[in-house]
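*Asks:* Here is my input; please provide its structure:
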Amino acid sequence: MLNGDYKDQYSRLWDYVEEIKKSNPNSTVVLKTYMDEVSGEEKFQRLYTCFDACRQGFLKGCRPVIGVDDCHLKGSHKGVLLTAVGIDPNNCIFPICYCVTEGEDLATWKWQKGLLPALYELLPDIEHRFCVRHMYNNFKKDHPGQSLKDKMWNIARASTVNQFKCLMDSVKEIDEEAYKWMADVLPRHWSRSHFRTPPKCAILLNNLCESFNAAILEARSKPLLSMMESIRIYLMKRMQIKRDTMSKWNDRFCPKIMAKIEKLKNETRCCICTYAGAAKFEVKDMWYGRYVVDLDKCSCSCRRWDLSGIPCIHAMSAIMSAERDPEQYVDACYSVESHSKAYDFIVNPVNGRSEWPITGKGDIAPPGDIKLPGRPKQKRIRESGEPPTPSANGTEKLSKKAYYKSIKCRKCGKSRHNKKHCPTKAQTDPHLVDATAEPTECAPQTQTASQPQIAPQPIAATADAVEGQPVAEIAPQHATQTHKKRKCSVCLQHNRKKCPASAARM
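*Replies:* Sure, this is the predicted structure:
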């Protein structure tokens with residue numbers, strides 16, 4: 001469907017909702033409007049969409065983990081796209097639902113500003129985790145420094161309570177205020193040491209939603225209906241591609257999981273494993289210390305195996321020592337069978353605009369807020385210290401300021417200029433002379449091999465020869481002339497017409 005006029009697309013929203021419900025039965029599509037008291041028009045407020053294929057796929061084949069986030073629309077009318085994204089058995093994103101709203105607040109999230117109160121009200125027993133990267137961006141405003149940054153990330157990655165307490169005490173010794181800032185945030189929201197184990201997910205970042213928002217970046221700049229159709233087509237194609245790709249995979253577990261298992265096998269060389277009996281092992285590594293592994297319970301005292309469902313380095317060392325198959329100890333949520341269940345459903349195609357049912361409901365006007373004229377920003381404002389996005393060939397594009405900082409002169413060794421524009425060049429190059437300097441007595445010059453030789457002739461000059469100034473006896477020689485600054489062929493300082501030595505010869 002072509003983009004068309006913005007107002008025309010809003011007027012067909014009711015028809016579009018009916019077409020989605022007709023082509024994708026059991027899907028949830030909710031359109032909410034409001035009556036403008038000033039103009040008396042019915043205006044758009046929110047549009048929520050959840051395809052039945054996405055909902056059923058999440059419930060049947062994905063882990064109970066949902067990432068929620070928002071991103072701003074880039075079209076003519078202001079708005080926010082709220083997204084809910086899961087994680088599939090291959091550790092890839094699994095979009096569940098999305099909603100176009102007028103903004104992010106408690107009312108729209110009831111489903112960052114109103115998200116936490118809504119979760120506590122609707123789902124009081126759910127475990128809520130913060131994105132540690134966004135949490136650190138708030139932390140570093142008052143507590144900058146690489147040392148505190150490393151401490152905070154190590155605390156977030158700590159998998160046991162003892163590690164968490166030890167690292168927190170080390171922060172307290174460095175910065176009391178930084179310790180209080182971290183202590184005010186409940187550890188169950190941001191540290192693996194307090195995460196629950198049943199979800200089999202130990203992620204610390206909300207890359208799920210950010211990856212989905214990046215995938216639909218182009219669609220977010222389109223009018224409303226065109227954007228909704230672009231997202232629907234993206235989901236329809238993605239379900240089919242994932243389904244066909246995994247049908248050609250012959251292993252028991254998904255590709256990313258198998259690659260992780262092979263990597264762990266190579267890392268076990270750094271562990272010393274001792275068998276205690278009854279499928280229990282004592283494993284010592286060269287980084288973390290000594291831990292107990294119980295193969296029958298699929299558990300390790302470091303809790304990494306319990307959190308992720310994939311054997312940790314200690315568990316893999318025990319498995320290899322017992323000469324058992326590592327795939328027997330990987331959780332079934334990563335299996336190809338679970339992946340097939342997740343993508344076994346189809347997002348059905350939709351008819352063209354001319355075939356949509358006519359609901360007969362009144363036309364909907366666009367929301368009142370309109371963006372200012374001019375080219376809108378396409379890139380978000382980055383946090384301080386955030387690395388630039390690499391280009392298509394994997395290299396980073398420098399800003400103009402960073403580019404000039406990277407330039408270094410080969411002559412003086414300083415930055416921000418090259419050899420051609422070096423300020424010391426005029427001081428060291430004998431051919432670069434100030435054009436405003438007063439005429440001085442000419443000195444003999446060295447003859448170059450490429451210049452024609454002129455036999456030197458003594459020039460006798462009197463005090464009255466040139467404007468009453470005495471002129472010394474000079475042996476004229478030719479020198480290289482430049483196109484940028486023409487030099488006298490006699491003295492190499494003036495031009496030939498104004499040279500006192502040349503005038504004396506005449």
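*Asks:* remind me which residues of the chain are low pLDDT?
*Replies:* 1-5, 103-114, 288, 369-401, 403-404, 425-498, 500-506 (pLDDT under 70).
*Asks:* how about 50 then?
*Replies:* For the chain, the stretches with pLDDT under 50 are 1-2, 111-113, 432-484.
*Asks:* Kindly report the domain assignment for it.
*Replies:* Domains of the chain are assigned by automatic domain parsing as 6-129+204-244+343-355, 132-194, 255-334, 471-506.
*Asks:* Spell out the secondary structure type for the residue nearest to residue 50 when sequence neighbours are not counted.
*Replies:* In space, residue 50 comes closest to residue 97 once its chain neighbours are excluded; the distance is 3.6 Å by Cβ to Cβ, 6 or more residues apart in numbering. Quick note: C-beta positions are derived from backbone N, CA and C, even for glycine. Here residue 97 is strand, with the state taken from DSSP: H, G, I helix; E, B strand; the rest coil.
*Asks:* need the domains of the chain in JSON lines with mean neighbour count and distance to residue 413, can you?
*Replies:* Listed next are the domains of the chain as JSON lines, based on neighbours: other Cβ atoms under 10 Å; distance: least, Cβ to Cβ, whole Å:
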{"stretch": "domain 6-129+204-244+343-355", "mean neighbour count": "17", "distance to residue 413": "42"}
{"stretch": "domain 132-194", "mean neighbour count": "16", "distance to residue 413": "28"}
{"stretch": "domain 255-334", "mean neighbour count": "17", "distance to residue 413": "42"}
{"stretch": "domain 471-506", "mean neighbour count": "16", "distance to residue 413": "26"}
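*Asks:* what are the ranges of the strands in the stretch 51-200 of the chain?
*Replies:* 67-72, 80-87, 93-101 (DSSP state E, counting those that start in this stretch).
*Asks:* which outside residues touch stretch 61-72?
*Replies:* If you take Cβ atoms under 8 Å, 6 or more residues apart in numbering as the criterion, stretch 61-72 is touched by 78-89, 94, 96, 104, 109, 112, 115, 198-201, 203, 206-210, 213, 220, 333, 338-344.
*Asks:* how about the CA coordinates for it, as PDB?
*Replies:* Provided in PDB are the C-alpha atoms of stretch 61-72 (Å, rounded to 0.1, in the frame of the first residue of the first chain):
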ATOM      1  CA  GLY A  61       7.600 -22.300  22.400                       C
ATOM      2  CA  CYS A  62       9.200 -19.300  24.300                       C
ATOM      3  CA  ARG A  63      10.400 -18.800  27.800                       C
ATOM      4  CA  PRO A  64       8.300 -16.600  30.100                       C
ATOM      5  CA  VAL A  65      10.400 -13.500  29.500                       C
ATOM      6  CA  ILE A  66       9.000 -10.300  28.000                       C
ATOM      7  CA  GLY A  67      11.000  -7.100  27.300                       C
ATOM      8  CA  VAL A  68       8.900  -3.900  27.100                       C
ATOM      9  CA  ASP A  69      10.100  -0.600  25.700                       C
ATOM     10  CA  ASP A  70       9.000   2.400  23.600                       C
ATOM     11  CA  CYS A  71      10.300   4.300  20.600                       C
ATOM     12  CA  HIS A  72       9.200   7.500  19.100                       C
END
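*Asks:* mind checking how far it is from the chain centre?
*Replies:* Computed by Cα atoms, centre = their mean, to the nearest Å, the chain-centroid distance of stretch 61-72 equals 18 Å.
*Asks:* quick one: the strands in the stretch 201-350 of the chain?
*Replies:* Taking DSSP E, counting those that start in this stretch, the strands of the stretch 201-350 of the chain run over residues 271-277, 280-285, 290-294, 299-300.
*Asks:* Make TSV out of these and add distance to residue 56.
*Replies:* Listed next are the strands of the stretch 201-350 of the chain as TSV, based on distance: least, Cβ to Cβ, whole Å:
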stretch	distance to residue 56
strand 271-277	42
strand 280-285	41
strand 290-294	36
strand 299-300	32
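*Asks:* So for residue 24, which of the ones you listed sits nearest?
*Replies:* Closest to residue 24 of the strands of the stretch 201-350 of the chain is strand 299-300 (Cβ to Cβ; 42.5 Å).
*Asks:* What is that closest one packed up against?
*Replies:* When contacts are defined as 3 or more Cβ pairs under 8 Å, 6 or more residues apart in numbering; DSSP states H and E, strand 299-300 packs onto strand 290-294, helix 304-308.
*Asks:* could those go into JSON lines alongside distance to residue 194?
*Replies:* Listed next are the helices and strands packed on strand 299-300 as JSON lines, based on distance: least, Cβ to Cβ, whole Å:
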{"stretch": "strand 290-294", "distance to residue 194": "18"}
{"stretch": "helix 304-308", "distance to residue 194": "11"}
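*Asks:* For residue 260, which residues are in contact?
*Replies:* Listed by Cβ under 8 Å, 6+ apart, the contact partners of residue 260 are residue 310.
*Asks:* ok, it to residue 310 distance?
*Replies:* Per Cβ to Cβ, to the nearest Å, residue 260 is found 6 Å from residue 310.
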